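[1] model this:
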Amino acid sequence: MSGIIRLAFSYLRSQWKLAVTLVVIIGLAIALPITANRVVSRYERELTARSASPPLLVGARGDRFDLVLRSQFFVGELQQSMTYGEFASLKQNEELVSAPLHLVHSSGQGAWPVVGTTSVYLTAQQLELERGAVFAELGTCVVGAEVAEWLQGASTLKTDLPGTFGFGDMIPYDLQVVGSLVRSNSPDDRAVFVSLETAWLLDGYGHVHQESDVGTAVNRNSYLHGVPGAHIPADSEAHINSQNRHLVHFHGDRTDYRISAVGVWPVTSEASALLKVGYQDNRQLQIVVPHDEFGKLMQQVVKVKDVLDLVFALLLFIAVVMVITTTYQSVQLRQTHLETMRYLGCAVSRVRLLLITEFGVLAGFAVLTSILFTILFEAIAPSLLSLF
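    Numbers count the residues shown, from 1 in each chain. A predicted model of the protein is given here:
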């Protein structure tokens, strides 16, 4: 038997170009549908898990899926915003656990979203502190597990510069890292959590400077334009600490300050139903169920996957036809050699065993190649398709 195997390997080495082509084609034909199914299933599980908390979102009227995507995965700023006063009315309902979400700023050149919220969000999402404390003071932050690894023990985190076409009165701040969260394998791992006051400070609603520095009148680019008594300090502090924290002051009515959305965890099913009914006729705000929105997305993904499955089936059919055709032509071209083996006393069964062994070796390498392709594609897929 070992002699048959050696002969099979010798022939395949002599025809290595053809053998490699067949192995790659068969490997791809097997790996692609397997990878597609595994990736779709994994993302469906991730979306389902994330959409469960918070179960409801309140935000400004607009694209419903955009509201869910950005509020759940922190992937950018919403085009529409709501006010803190609108959140305050939700907060008064004792049958609702509500947490505001301010999703405007970032750090690490856009890598880490800065999320303005309250400790209620951390509690509702069951996020536990690995070390430190919650952001209790202005200018402090709690970071997710991935951000903590990136910081490598650093105690401060600088926010990004405002965009080129952003508001000119906003400046980057040095946030003091007071705690880090236990890894949750969710978008929270790559977020920087700050208080709403800190987020508004980044917006430009407030600033810190010496009392003698009254600054100048606000310009049209500022959120404070038109607010009585508002000004832009000539030399605003970018680092908030215990020495200057008492100098921070805000302008305007806080109920008019912006937030992006509100995550809502109803205590009872009746409270959830009443909340949905209450926003049906609201022209400024809407309430969405993340699970339903992601369900609609997955329906479209499944339709695309059905098309891909058809393509993969066609590829597999082509691969099978190619293997059969190539094997048949190879046997025909080797007919003289095979007849010589029989003349030399080799039994017909041994000749057939040689051909079967060659095919088995090719099949084995094809299966191994498909496994390697599957591992490679699954490793690449998160960087290409991941939402967080």
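
[2] Run the chain-centre distance for the longest helix anywhere in the chain.
    The helix of greatest length in the chain, counted in residues with DSSP state H as the criterion, is given as helix 290-333. Taking the mean of its C-alpha atoms, helix 290-333 sits 27 Å from the chain's own mean (C-alpha atoms, centre = their mean, to the nearest Å).

[3] what about Q300, how many residues close to it?
    For Q300, the count of nearby residues is 9 (other C-beta atoms under 10 Å). (Each C-beta comes from the backbone N, C-alpha and C, glycine too.)

[4] Same check on the one 10 residues further on?
    Residue crowding around L310 was assessed by other C-beta under 10 Å; the count is 10.

[5] Does V177 touch Q152 like I think?
    No - under the criterion of C-beta atoms under 8 Å, V177 makes no contact with Q152, lying 11.3 Å away.

[6] Same drill for the two, tell me which one is more crowded.
    V177 (20 against 6).

[7] Past whatever helix or strand that one lives in, which element shows up next along the chain?
    Secondary structure from DSSP states H and E places V177 in strand 174-181. Stepping forward along the backbone from strand 174-181, the first helix or strand reached (DSSP H and E) is strand 192-195.

[8] Alpha carbons of the helix or strand just after that following strand, as PDB, please.
    Next in sequence after strand 192-195, counting helices and strands by DSSP H and E, comes helix 196-203. Coordinates of the C-alpha atoms in helix 196-203 are reproduced here as PDB (Å, rounded to 0.1, in the frame of the first residue of the first chain):
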ATOM      1  CA  LEU A 196     -23.600  64.700  30.100                       C
ATOM      2  CA  GLU A 197     -22.000  67.800  31.600                       C
ATOM      3  CA  THR A 198     -18.600  66.800  30.200                       C
ATOM      4  CA  ALA A 199     -20.200  66.100  26.800                       C
ATOM      5  CA  TRP A 200     -21.800  69.500  26.800                       C
ATOM      6  CA  LEU A 201     -18.400  71.000  27.800                       C
ATOM      7  CA  LEU A 202     -17.000  69.400  24.600                       C
ATOM      8  CA  ASP A 203     -19.900  70.800  22.700                       C
END
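
[9] can you list contacts of helix 196-203?
    Residues outside helix 196-203 that contact it (C-beta atoms under 8 Å, 6 or more residues apart in numbering): 84, 100, 102, 104-105, 114, 116-118, 135, 138-141, 159, 167, 170, 173, 175, 194, 206-208, 223, 240, 248, 250, 257-259.

[10] Measure how buried S236 is and give me the count.
    Neighbours of S236 using other C-beta under 10 Å come to 17.

[11] measure it to T156 for me?
    The spacing between S236 and T156, counted by C-beta to C-beta, to the nearest Å, is 17 Å.

[12] Excluding chain neighbours, what is closest to Y257?
    With sequence-adjacent residues excluded and distances taken as C-beta to C-beta, 6 or more residues apart in numbering, Y257 is closest to Y84, at 4.7 Å.

[13] Wait, the one you found touches D256, no?
    Yes - contact between Y84 and D256 holds when scored by C-beta under 8 Å: they sit 7.4 Å apart.

[14] ok, the two, which is more surrounded?
    Neighbour tally, Y84 and D256, criterion other C-beta under 10 Å: the higher count belongs to Y84, 19 against 12.

[15] Now for that one: which residues touch it?
    When contacts are counted by C-beta under 8 Å, 6+ apart, Y84 touches P100, L196, R254, T255, D256, Y257, R258, I259.

[16] Please list only the buried members of these.
    By the neighbour-count criterion of 16 or more other C-beta atoms under 10 Å, the contacts of Y84 include these buried positions: P100, L196, R254, Y257, R258, I259.

[17] so can I have TSV of those showing pLDDT?
    Converted to TSV, these look like this (pLDDT from 0 to 100):
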residue	pLDDT
P100	95
L196	94
R254	89
Y257	92
R258	91
I259	94
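
[18] Mind checking which of those residues are in helices?
    Applying DSSP H to those, the entries found in helices are L196.

[19] I figured L247 was touching H207, is that so?
    No - under the criterion of C-beta under 8 Å, L247 makes no contact with H207, lying 9.1 Å away.

[20] pull the CA atoms of the strand holding V177 into PDB?
    Included here for strand 174-181 are C-alpha records, laid out as PDB according to Å, rounded to 0.1, in the frame of the first residue of the first chain:
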ATOM      1  CA  ASP A 174      -7.900  66.100  28.300                       C
ATOM      2  CA  LEU A 175     -10.200  63.700  30.100                       C
ATOM      3  CA  GLN A 176      -9.000  62.100  33.300                       C
ATOM      4  CA  VAL A 177      -9.500  58.300  33.200                       C
ATOM      5  CA  VAL A 178     -10.900  57.200  36.600                       C
ATOM      6  CA  GLY A 179     -12.000  53.700  35.800                       C
ATOM      7  CA  SER A 180     -12.200  50.900  33.200                       C
ATOM      8  CA  LEU A 181     -14.900  48.300  32.500                       C
END
